[in-house]
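Asker: Below are the sequence and a predicted model; questions follow.
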Amino acid sequence: MDQFIVKPLFGDGPVQWYTPTNVTLWMAIAILAIVALFVLGTRGRAIVPTRIQSVAEVLYGFVYKMIEDVTGRDGIKYFPWIMTLFLFIFFANMLALIPGSFSPTSHIAVTAVLGFGVFFAVTLIGFAKNGAHFLGLFWMSDAPLFLRPVIAVIEVISYFVRPVSHSIRLAGNITAGHAVIKVFAAFAAVAAIAPASILAITAIYALEVLVAVIQAYVFTILTCVYLKDALHPSH
């Protein structure tokens, strides 16, 4: 599975934390694509938007509405942060579908930074906004009294599992889709089954486009749900 191997951009030496790699390159390309869309594509701010400006406005409105619906008005102040997460994951996923490209979000090292970043940020917001009352997130006051300690333990475990599931879900889905395409591409060289293999690759590629969008959406909406818990921790 050479498509998932992290390689230095210059030379063949070992990869250190400071080494520019193919992961670095494609994350940078994703960031440049975002800048091109939202800075260069909307610099005219036309009343009748161009196609590029329309795409930027649709993405902006989509994420804004998601945050407002899930977290309420209190969550709007965190729009820049959540919008940045969505755009980075969305563009990284979509650019990874270009033949010969690389998928940063297929690596747990990348998605773990995103997932644990959300976890620590949401936890800090929860304590900063609510103080000790944030711990009410783990206390189910509506449950029978004898069940509350058991539920509290379950809630605490569930809370600390969040960043793990948040990051693994994204990396796992992206990796699985690219691996399946790679498997069918290997069969395309066999003349007897090449047509069927090419049809399968086309179908899976179309599915992967959908998965790329859905995984960016899922990561973002879960971030909104976690943020809602931080802003309004009481059950």
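Answerer: Thanks, I have it. Numbering: from 1, shown residues only.

Asker: The top helix by length along the chain packs against which elements?
Answerer: The longest helix of the chain (DSSP state H) is helix 148-187. Using 3 or more C-beta pairs under 8 Å, 6 or more residues apart in numbering; DSSP states H and E, the elements in contact with helix 148-187 are helix 108-130, helix 194-231. C-beta here means a position set from N, CA and C on the backbone, and glycine is covered the same way.

Asker: and the worst-scoring helix or strand of the chain on mean pLDDT, which residues are buried?
Answerer: Least confident helix or strand of the chain, by mean pLDDT, DSSP states H and E, is helix 148-187 with a mean of 90. Of the residues in helix 148-187, 148, 152, 155, 159, 162-163, 166-167, 169-171, 173-175, 177-178, 180-181, 184 count as buried by neighbour count, 16 or more other C-beta atoms under 10 Å.

Asker: gap between that helix and the chain center?
Answerer: Taking C-alpha atoms, centre = their mean, to the nearest Å, the mean C-alpha location of helix 148-187 is offset from the chain mean by 12 Å.

Asker: repeat for stretch 202-219
Answerer: Distance, centroid of stretch 202-219 to centroid of chain: 12 Å (C-alpha atoms, centre = their mean).

Asker: Touching stretch 27-43 from outside, list them.
Answerer: 50, 52-53, 55-57, 59, 87-88, 91-92, 95, 104, 110 (C-beta atoms under 8 Å, 6 or more residues apart in numbering).

Asker: which residue packs closest to Pro163, ignoring adjacent ones?
Answerer: Phe119 (3.8 Å; C-beta to C-beta, 6 or more residues apart in numbering).
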